[in-house]
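Participant: How does the following fold in three dimensions:
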Amino acid sequence: MSQNSQSEKMSFQAEVKQLLHLMIHSLYSNKEIFLRELVSNASDACDKLRFESLDNPDLLSKDSKFSIIVSYDKDKHTITISDNGIGMSREEVINNLGTIAKSGTKDFFKSLSGDKQKDAQLIGQFGVGFYSSFIIADKVKVTTLKAGLSKEFSVSWESDGLGEFIVSESNRETHGTDIELHIKEDSFDLLNGWRLREILHKYSDHISLPIYMFKEEWDDEKKTQIQTNDLEIVNKSNALWARPKSDIIESEYKEFYKVLFHDFEDPLFWTHNKIEGRSEYTQLFFIPKHAPLDIWDRDSSHGIKLYIKRVFIMDDSEQLLPRYLRFVRGIIDTSDLELNVSREILQESKDIFSIKEASIKRILGLLDDAAKNKAEDYNIFWNEFGQILKEGIGEDFANQEKIAKLLRFVSTYGEDDSQYTSLSEYVSRMDSKQEGIYYITADSLMAAKNSPHLEIFRKNNIEVLLLPDRIDEWMISHLRDFNGKPLISIAKEGFDVSKISGEVDIKNPAEISESSKSIITKIENLLKDRVKSVKVSSRLIDSPACILVEKNELSPHMVRILKAAGQNPPDSKLILEVNPDHDFFKKLSDLDDADFEQWSNLLLDQAILTSGGNLNDPVAFVRCLNSILLKT
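Facilitator: Next up, the predicted model:
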């Protein structure tokens with residue numbers, strides 16, 4: 001009788017009982033991870049045998065082509081995962097499946113956060129991946145034979161996960177392991193070839209050895225798919241990103257992207273790199289052609305898939321890329337981390353920090369190259385993702401200069417609204433008298449183009465950037481200069497209009513008539529509760545008035561955005577600039593006091609509206625306007 005003939009009932013280690021309770025009662029919502037863990041373990045078992053067979057080729061016996069087979073039986077309600085890896089001896093079965101080694105268990109339980117999704121990612125990190133079987137099974141049977149041992153040493157391990165397990169002899173002919181899961185009734189949806197293939201594609205598509213399932217065909221009598229006796233490979237078993245770039249053609253990259261990221265269109269551009277040295281990892285990044293529906297959800301972070309040794313770990317890219325690059329799709333595959341690292345561990349990992357920094361550099365370099373060499377495609381990118389990239393100006397100061405070079409704007413230089421200019425192009429066209437880069441923010445592109453603040457700049461052919469996006473005011477507050485040139489708002493005090501070209505005379509406030517000065521003083525007294533001061537404008541040509549704010553004050557446009565977002569921005573008195581040469585202003589001298597007050601308030605309200613602000617009392621504005629119209 002062999003040493004393996006006796007059947008023995010044993011109790012789980014106390015920590016295993018605690019773990020099984022957690023698996024069964026707390027992590028059920030993540031039940032599909034069982035297949036990821038068991039396939040990953042099977043892959044490791046094959047890798048171990050491959051390594052050991054280098055010194056001892058006899059270990060391989062007749063079964064040297066490593067593979068994993070996943071099958072199911074709807075009638076028996078079972079799923080079986082088989083491999084021809086290194087297998088286990090009786091002693092190893094008891095030690096590996098009945099206990100959890102060393103202090104890893106304590107660390108595992110300390111790491112639990114109570115968040116089911118996060119806790120599920122910890123499984124396997126401390127060698128507990130096998131126990132995820134009990135999430136979906138009420139009985140698990142393991143049959144195994146250690147490579148190098150004869151078949152009478154094959155072992156069977158069986159348990160219902162409630163506290164005990166039975167070890168007995170078995171009848172496996174060759175080295176490897178079969179894990180038979182008796183599926184719980186509430187998980188019968190897993191007894192489906194399509195469902196199992198879906199999970200394998202999601203988590204294990206790029207395991208380096210083939211994963212087989214039995215082919216299926218339609219049974220007219222049973223009105224369902226049934227398994228045949230023919231095997232077919234489910235996974236690609238050769239990670240595209242692990243292949244040399246020289247071996248991959250363009251169509252393969254495009255097809256890989258569309259399948260993996262469920263996109264019907266080709267990516268705009270991509271970059272594929274293998275980094276070797278202190279850290280070893282591979283990057284494969286794609287820039288999509290269109291933004292996903294959830295692009296404005298900053299908490300949506302499913303663009304980057306993390307693999308460890310070609311085993312999928314997670315697709316939460318928060319730790320792998322900053323949020324302003326959330327439009328990027330791709331893969332990072334590293335061999336420097338343990339399987340199933342948690343998000344908390346990723347946050348503290350120096351390797352991940354190094355990978356993240358290198359990935360940012362790589363992506364910004366890809367975009368810079370596209371901007372220089374693929375202008376048409378870069379314009380497509382900018383229309384889809386430009387506002388997202390702008391977030392990086394305030395979030396990534398280390399790369400702010402690189403991001404700034406990638407920014408694109410509509411300006412007064414081009415007549416076509418679809419014609420973009422970069423900051424570098426703007427600087428190359430600057431007049432020698434210019435103090436800096438002029439810009440104006442507004443609620444829309446049309447509002448920016450028609451702003452009265454632009455009048456003197458248009459007359460003097462001085463280019464101004466038009467910034468109509470909601471994020472522009474916030475972005476520009478963090479981008480103070482570019483190539484040594486300050487960015488200057490033309491809607492704020494603090495710059496000298498006389499510094500621009502002198503093709504059109506600039507009004508000198510000191511040279512206006514005494515009657516005009518008197519009118520301005522009268523307007524200022526009437527509007528003292530609404531404005532800080534009233535001044536003669538040196539920038540207006542065709543409009544009667546405009547609003548300015550001091551250099552460090554919020555613009556009316558920004559105040560409106562903040563209020564719409566539920567914020568309570570501080571109030572700031574406005575500066576009203578008037579054009580004494582305009583007929584509206586000249587009309588004021590002919591009015592009595594009552595009409596003068598109405599016209600003065602109308603002048604201010606119009607200036608606020610054209611500056612993108614909101615009126616505190618729109619009803620009063622309409623009443624005032626109607627009164628003036630009726631009198632006229």
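Participant: How far off centre is whatever helix or strand Lys215 lives in?
Facilitator: In the assignment (DSSP states H and E), Lys215 maps to strand 211-219. Its chain's C-alpha centre and that of strand 211-219 lie 37 Å apart, by Cα atoms, centre = their mean, to the nearest Å.
Participant: What is that strand packed up against?
Facilitator: strand 68-73, helix 193-204, strand 224-233 (3 or more Cβ pairs under 8 Å, 6 or more residues apart in numbering; DSSP states H and E). From N, CA and C alone the C-beta is placed, and that goes for glycine too.
Participant: Quick check: chain neighbours aside, which residue is closest to Val311?
Facilitator: Among residues not flanking Val311 along the chain, Ser40 sits closest, at 5.1 Å (Cβ to Cβ, 6 or more residues apart in numbering).
Participant: whoops, I mixed them up, Leu479
Facilitator: Once flanking residues are discounted, Leu479 sits nearest to Ile393: 5.1 Å by Cβ to Cβ, 6+ apart.
Participant: buried stuff in stretch 43-62?
Facilitator: For stretch 43-62, a neighbour-count test (16 or more other Cβ atoms under 10 Å) marks 43-47, 49-50, 53, 59-60 as buried.
Participant: can you give me the mean pLDDT across it?
Facilitator: Stretch 43-62 shows a mean pLDDT of 83.
Participant: Ok, stretch 470-480 next?
Facilitator: pLDDT averaged over stretch 470-480 gives 91.
Participant: isn't Thr271 right next to Lys361, touching?
Facilitator: No - with contact defined as Cβ atoms under 8 Å, Thr271 does not count as touching Lys361 (10.8 Å).
Participant: Those two: which is more packed in?
Facilitator: Between Thr271 and Lys361, counting by other Cβ atoms under 10 Å, Thr271 is the more crowded of the two (20 against 13).
Participant: what's near enough to touch the more buried one?
Facilitator: 283-285, 362-363, 365-366 (Cβ atoms under 8 Å, 6 or more residues apart in numbering).
Participant: try 6 Å this time
Facilitator: For Thr271, the contacting residues are 285, 362, 366, by Cβ atoms under 6 Å, 6 or more residues apart in numbering.
Participant: Most neighbours of all the residues you listed, which one?
Facilitator: Phe285 (23 neighbours).
Participant: where's that residue, which helix or strand?
Facilitator: strand 281-287.
Participant: Any idea how far that strand is from the middle of the chain?
Facilitator: Here the centre of strand 281-287 is set off from its chain's centre by 14 Å, with Cα atoms, centre = their mean.
Participant: ok, then the element right after it?
Facilitator: Heading C-terminal from strand 281-287, the first helix or strand you meet, by DSSP H and E, is strand 304-308.
Participant: Check what contacts that following strand and list those residues.
Facilitator: Residues outside strand 304-308 that contact it (Cβ under 6 Å, 6+ apart) are 313-315, 317, 320-321, 330-333, 337, 339.
Participant: Reformat those residues as TSV; add secondary structure.
Facilitator: Below are the contacts of strand 304-308 laid out as TSV (DSSP: H, G, I helix; E, B strand; the rest coil):
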residue	secondary structure
Ile313	strand
Met314	strand
Asp315	coil
Ser317	helix
Leu320	coil
Leu321	coil
Gly330	strand
Ile331	strand
Ile332	strand
Asp333	strand
Leu337	coil
Leu339	coil
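Participant: would you list these in JSON lines and tack on pLDDT, distance to Leu602 and neighbour count?
Facilitator: Listed next are the contacts of strand 304-308 as JSON lines, based on pLDDT from 0 to 100; distance: Cβ to Cβ, whole Å; neighbours: other Cβ atoms under 10 Å:
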{"residue": "Ile313", "pLDDT": "75", "distance to Leu602": "64", "neighbour count": "26"}
{"residue": "Met314", "pLDDT": "74", "distance to Leu602": "60", "neighbour count": "23"}
{"residue": "Asp315", "pLDDT": "72", "distance to Leu602": "57", "neighbour count": "16"}
{"residue": "Ser317", "pLDDT": "62", "distance to Leu602": "53", "neighbour count": "24"}
{"residue": "Leu320", "pLDDT": "87", "distance to Leu602": "56", "neighbour count": "24"}
{"residue": "Leu321", "pLDDT": "91", "distance to Leu602": "52", "neighbour count": "22"}
{"residue": "Gly330", "pLDDT": "93", "distance to Leu602": "56", "neighbour count": "26"}
{"residue": "Ile331", "pLDDT": "93", "distance to Leu602": "61", "neighbour count": "24"}
{"residue": "Ile332", "pLDDT": "93", "distance to Leu602": "60", "neighbour count": "24"}
{"residue": "Asp333", "pLDDT": "92", "distance to Leu602": "66", "neighbour count": "23"}
{"residue": "Leu337", "pLDDT": "76", "distance to Leu602": "67", "neighbour count": "21"}
{"residue": "Leu339", "pLDDT": "61", "distance to Leu602": "71", "neighbour count": "19"}
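Participant: So which of those is the closest to Asp220?
Facilitator: Distance to Asp220, by Cβ to Cβ, is smallest for Asp315 among those, at 39.6 Å.
Participant: Would you state the helices of the stretch 301-450 of the chain in chain order?
Facilitator: Secondary structure of the stretch 301-450 of the chain, counting by DSSP state H, counting those that start in this stretch: helices at 343-348, 350-373, 375-395, 400-406, 423-429, 445-449.
Participant: I misspoke; the intended subject was the stretch 51-200 of the chain.
Facilitator: Secondary structure of the stretch 51-200 of the chain (DSSP H, counting those that start in this stretch): helices at 90-98, 104-111, 116-120, 193-204.
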